[in-house]
Structures are given as C-alpha cells and as structure tokens.
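Engineer: Task: produce atomic coordinates for the following.
(2 chains)
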Amino acid sequence: MLESINVTKKFLNKTAVEDVTMTLEKGHIYAILGPNGSGKTTWMKMVAGLIKPTSGTIRLDGKEIDIQSRKEIAYMSTEPYFYDWMTIKDVGKYYNDFFEDFSMERFAYLVNEMSLEMNLKLKTLSSGMMAKLKIAATMARDAKIYMLDEPLNGIDLIARDEVMKTIITYANEDKMLIVSSHLVEELEMIVDTAIFIKNARLQGIYGLESLRINEGISIADKYREVYGKC
Amino acid sequence: MGKLLKYELRKSLGVKGVVLVISCIFELLFLIGLYSSKETLIPIGITLLYFDAFISVVVMGIASIRLLHNDLNTKQSYMLFMTPNSSYKILGAKVIESFMSILIAGVFFTSLGFLDFTLLIAQNGGFKEAFDFIYTAYQKIFEIEINPSDVISVIALLLISWFYFITVAYLAQVISATFLNGRKFNGIISFFIGLAIIILEEYAVNNFVSISATGSVINHNILQGVVYLTLAGITYAVTAWIMDNKLSV
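Structural biologist: Numbering: from 1, shown residues only, chains lettered A, B, ... in the order given. Okay, here's the model as predicted:
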C-alpha cells in the first residue's frame, strides 16, 4: 500500500505539489493524469525517493520512503537517462549490479521481444528504441511498484503497442503500476483507475468501471471535463 | 561502493585515454631523439612530458568536477540516484576515484621520468656520477639537505591537499545544483564560493600550523596534512548531507 499524506513540494517560489493525500493499493494500474506542470512528475519523483517533500509523508507498506525504498520501487523517467557510452547489454549489467530484483534473463527476453539487440550502442538508438529499452530495463525488475513517466512519449504506433503489451504482461495482483501519459485514450486500454492532478493539487481519483457505470463516461471524457476550461 | 567506483572509473576512462595517448606521443619524441641522430628531439620530448605531467593532473581534476556536474545537472543523474545508494556513498565513490586517478597519474609520470632518466644515462654512461651531480647541484642551488622522509612527507601532503581541494570543488558544484539551482550565474557564483572557502581555510590552516608546528619539516607537514584531512572530511560530510536533503534530480 502506498500512502501520500498531505504531501507538498515547493521549489523557490513555485509550489509543484500541494497537499496531495491519497492511498494506492497493489493489484491496480493507475493512470496519473494532468497537463504539463501539474505536478505529476514531481509527485512520482518523491515516491521514488529522488526528491524529498517540503512537507507531508509518503509511506510504502507503512514505512516512510527513504533510500532503501528504491530497492522496491522501479521508476522510469520520461527522458533518456542512460550513459551514452553504454550498449544495451551494459544497461542490463548496470541494473544487475545495483538492483537485487533485476533479472538479466527477463531483460534479455524483453530486449528480444522489442526487436532490440544487446550489442547495439545507445548512441545509435532512435527515440522509439530508447523508449523500449527504458521499459525493458525497468520491467525486468521484480519491484513492488512500477512508475512509468510518459512511457509513450515520442514513439510510433508499433513501439507503443510493444510498450503497452509489456506493461500489461507484468501487471499482476502483487504489483502496483502508476503510469503518466498525455495519451489518455491509449492509457484507457490498460489502466483501471485514474488520478487527476490539477494545479499541483489532487483533483480526484476515479475507477474506470465506476465512471462508465455511474456517469456513463470514459477517462478521456472525464479528462476533458476536468481540464477543458484550463 | 565497489560497484559505484567501477562505474566512476569507467566514466573517466575517456579523459585518461587522451592523457595516455598524448604522453605516449611525447615519450615517442624523446625516444626517437635518444636512439636516432635527431638529438634536438630529446629536450623537446622532456619539456613536453614535464608540462604534460602537470597539465594532465589539472585536466583530470577538472574532468572529475565536470563528471559530478553532469551527474547532478543532466538526466544522467537518474543513473546514480535511482540506485539504492546514499549520497554519502555516491560522493565517496567520486572522491576515491578522483584520488586514485591522481595517485595513478603520479606513479605513471614519476616512473616514466625515472625510466627516461635511466635511458638517457645508459645512453650517455655514468649513472651514479650523473645522479650524484644532480643531487649535489640541487643541494647547492637550494642550500638544503635533501632528506628522503621530508620528500615523502611533501608528496603525501600534496596528495592530501589535492583530496581537500577536490572535496571543496565538489561542495561548490553541489551548492550550484541545489541552493543556486535555477538562478542566474549559478556556476560563477558557486566557483567564487569554492574559491572563498579555500582562501579562508588556507589562511586559517597556515596560521594554525605556523603557531602549532615546531621543529622539522616533517612535523609541519604531518600537522598540515591532519588539518587538511579533517577539513576534507567535514567538507565531504556537508556536501553529502546537502545532496541527500536538498538535491532535486
């Protein structure tokens, strides 16, 4: 269980996240939605233990997030972040060196599934190939929580399908997936709950089924309703 | 820590490769001069190697600071900070790598100098005479008695001073990436902050050592070394604390 309790993050004069309180459960795939600058990435980074909240607490299974939490949380940034001197195999070795839950076999399998090759140098990869590599490296971990920040950014339809397939493959009742994306309609195919962040504050959490049954609308419709007048 | 160190060494391999290639070119010039009729190449090779040794140490220091800058300010920062390692370990690996690099460079250039000197004497004969001549000349010029333990203490002090300067440079980089992040001229401001810290601490160290240390050169160097090590330790701890608590990657 992931608890975000009154979490606020301020940078100089800007409040990136303000008083966000929510509880997320394992066995779900969450979409975290909101326009650019709404605070999605900052909140995810705080959960990943990359930055500390200005105030408030984040707990994973009752324990406050710290450096050791990084062993249980797999975070994937939206931008490419690997060292440019690496090959795809080096990326696997790097993860294998630092994460006990990383499986080199699963990584090799995913790399192959995504039509990549282990000896390819990262300098030669297209943005689509890099996006697939990030997913392969992140999902080759056996983490409690996977957080994928804009995994579908800048990639073509075929690559998107491969990324989505991988996300679905490794989602199960023991895992929690949190995915941010602007491609709301595409996320709708894989997520079961949507978290809306607006102007640094939590606007609401909606179950897909609940939206369909009670309000007769999709996530995309709700998105338009929430952000349409922004 | 070992794994972090492995990747720190790998990241700095490019600069070390360039230093090695340039040194090999200068050494080749010296050797061609020594074993051919082109004797003018001997002083050219020696002079270039001499400057190469000093410049290489400075370049490796700058490269080490540049690496930290990239690890704090570019997207590559995730590679370090997503791992379950504290800032103390991450920074520690960087400091050790920088120190090891300088140590290895020192051993490399000293060995190369000794080898070239031996080859030069072997080619022209009279190793002991030449060594005695240089030793006596040195004593006459500087009017000092060369004591091997003093020489070792000076070298050790130089290494410790390097260790201290690197930790201050890292502190300046971290201040730039945290408290001054997003502000105009943060790089220049942090450079002057680092410079100010070094000047102030250097002034305090010199006064403290000149008052406290009495007697031989070695006593003076040991005390100064201990003070530098203490300051380096404090600077390292402060830097890692800032990284842990104030850094946004």
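Engineer: who in chain B is up against chain A?
Structural biologist: Contact residues (C-beta under 8 Å from any C-beta of the partner chain) of chain B with chain A: B:3, B:6-7, B:10-11, B:14, B:75-79, B:81-86, B:182, B:245, B:247-249. Just so you know, the C-beta spots here come from the backbone N, C-alpha and C atoms, and that holds for glycine as well.
Engineer: So which of the residues you listed belong to helices?
Structural biologist: B:Lys3, B:Lys6, B:Tyr7, B:Arg10, B:Lys11, B:Gly14, B:Ser77, B:Tyr78, B:Met79, B:Phe81, B:Asn245 (DSSP state H).
Engineer: can you redo those residues as a markdown table with neighbour count and pLDDT?
Structural biologist: Formatted as a markdown table, those follow (neighbours: other C-beta atoms under 10 Å in any protein chain shown; pLDDT from 0 to 100):
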| residue | neighbour count | pLDDT |
| --- | --- | --- |
| B:Lys3 | 15 | 93 |
| B:Lys6 | 14 | 95 |
| B:Tyr7 | 20 | 95 |
| B:Arg10 | 15 | 93 |
| B:Lys11 | 20 | 91 |
| B:Gly14 | 11 | 90 |
| B:Ser77 | 19 | 90 |
| B:Tyr78 | 21 | 92 |
| B:Met79 | 21 | 93 |
| B:Phe81 | 25 | 92 |
| B:Asn245 | 11 | 87 |
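Engineer: ok, which pair from the residues you listed is furthest apart?
Structural biologist: The two members of those with the most space between them (C-beta to C-beta) are B:Gly14 and B:Asn245, at 32.0 Å.
Engineer: Which parts of chain A are strands?
Structural biologist: Counting by DSSP state E, chain A has these strands, from start to end: A:2-11, A:14-24, A:29-33, A:55-60, A:63-64, A:73-76, A:145-149, A:176-180, A:193-198, A:201-207.
Engineer: which stretch among these comes nearest chain B?
Structural biologist: The stretch from those with the least distance to chain B (C-beta to the nearest C-beta) is strand A:73-76; that distance is 5.9 Å.
Engineer: I would like the residues contacting the closest one, please.
Structural biologist: The contact list for strand A:73-76 (C-beta atoms under 8 Å, 6 or more residues apart in numbering or on different chains) reads A:44-45, A:47-50, A:60, A:99, A:134-135, A:137-139, A:141, A:143-149, A:151, B:78, B:82.
Engineer: quick check, distance from that strand to the centre of its chain.
Structural biologist: 7 Å (C-alpha atoms, centre = their mean, to the nearest Å).
Engineer: cool, and stretch B:185-200?
Structural biologist: That offset, for stretch B:185-200, works out to 19 Å (C-alpha atoms, centre = their mean).
Engineer: Check the closest residue to A:Ile168 other than its chain neighbours and give its pLDDT.
Structural biologist: Of all residues not flanking A:Ile168 in the chain, A:Ile190 sits nearest, at 5.6 Å (C-beta to C-beta, 6 or more residues apart in numbering or on different chains). In the prediction, the pLDDT value recorded for A:Ile190 is 86.
Engineer: what's next to stretch A:21-28, contact-wise?
Structural biologist: Contacts of stretch A:21-28 (C-beta under 8 Å, 6+ apart): A:1-7, A:30, A:56, A:144-145, A:172-178, A:192-193, A:195, A:202, A:205.
Engineer: okay, that stretch in CSV with CA atoms only?
Structural biologist: Coordinates of the C-alpha atoms in stretch A:21-28 are reproduced here as CSV (Å, rounded to 0.1, in the frame of the first residue of the first chain):
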residue,chain,number,x,y,z
THR,A,21,-3.3,12.9,0.1
MET,A,22,-4.3,9.5,-1.4
THR,A,23,-3.8,5.8,-0.8
LEU,A,24,-3.0,3.5,-3.6
GLU,A,25,-3.3,-0.3,-3.5
LYS,A,26,-1.3,-3.1,-5.1
GLY,A,27,-3.0,-5.1,-7.9
HIS,A,28,-4.0,-1.9,-9.8
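Engineer: what mean pLDDT does that stretch have?
Structural biologist: Across stretch A:21-28, pLDDT averages out at 93.
Engineer: Pull out the buried residues from that stretch.
Structural biologist: A:Leu24, A:His28 (16 or more other C-beta atoms under 10 Å in any protein chain shown).
Engineer: Distance check, the residue nearest in space to the middle of chain A against A:Ala200.
Structural biologist: When chain A is reduced to its mean C-alpha position, the nearest residue by C-alpha atoms, centre = their mean turns out to be A:Leu148, at 1.9 Å. A:Leu148 sits 21 Å away from A:Ala200, taking C-beta to C-beta, to the nearest Å as the criterion.
Engineer: same deal with A:Glu185?
Structural biologist: 25 Å.
Engineer: cool, A:Asp174 as well?
Structural biologist: From A:Asp174 to A:Ala200 the distance is 31 Å (C-beta to C-beta).
Engineer: More neighbours: those two, which one.
Structural biologist: Each of A:Asp174 and A:Ala200 has its neighbours counted (other C-beta atoms under 10 Å in any protein chain shown); A:Ala200 has more, 22 against 9.
Engineer: What separation is there between that one and B:Phe51?
Structural biologist: 55 Å.
Engineer: neighbours around the residue nearest to A:Ile168, how many?
Structural biologist: The burial count for A:Ile190: 17, using other C-beta under 10 Å.
Engineer: from what I can see it touches A:Ser181, true?
Structural biologist: No: at 10.0 Å, A:Ile190 does not count as touching A:Ser181 under the criterion of C-beta atoms under 8 Å.
Engineer: Show me which residues of chain A are close to chain B?
Structural biologist: Close to chain B, as judged by C-beta under 8 Å from any C-beta, chain A has residues A:11-12, A:45, A:48, A:50-52, A:67-68, A:70-71, A:75, A:77, A:79-83, A:85, A:94, A:97-99.
Engineer: Now the buried members of the residues you listed.
Structural biologist: Neighbour counting with 16+ other C-beta under 10 Å marks A:45, A:48, A:50-52, A:67, A:70-71, A:75, A:77, A:80-83, A:94, A:98-99 as buried within the residues of chain A next to chain B.
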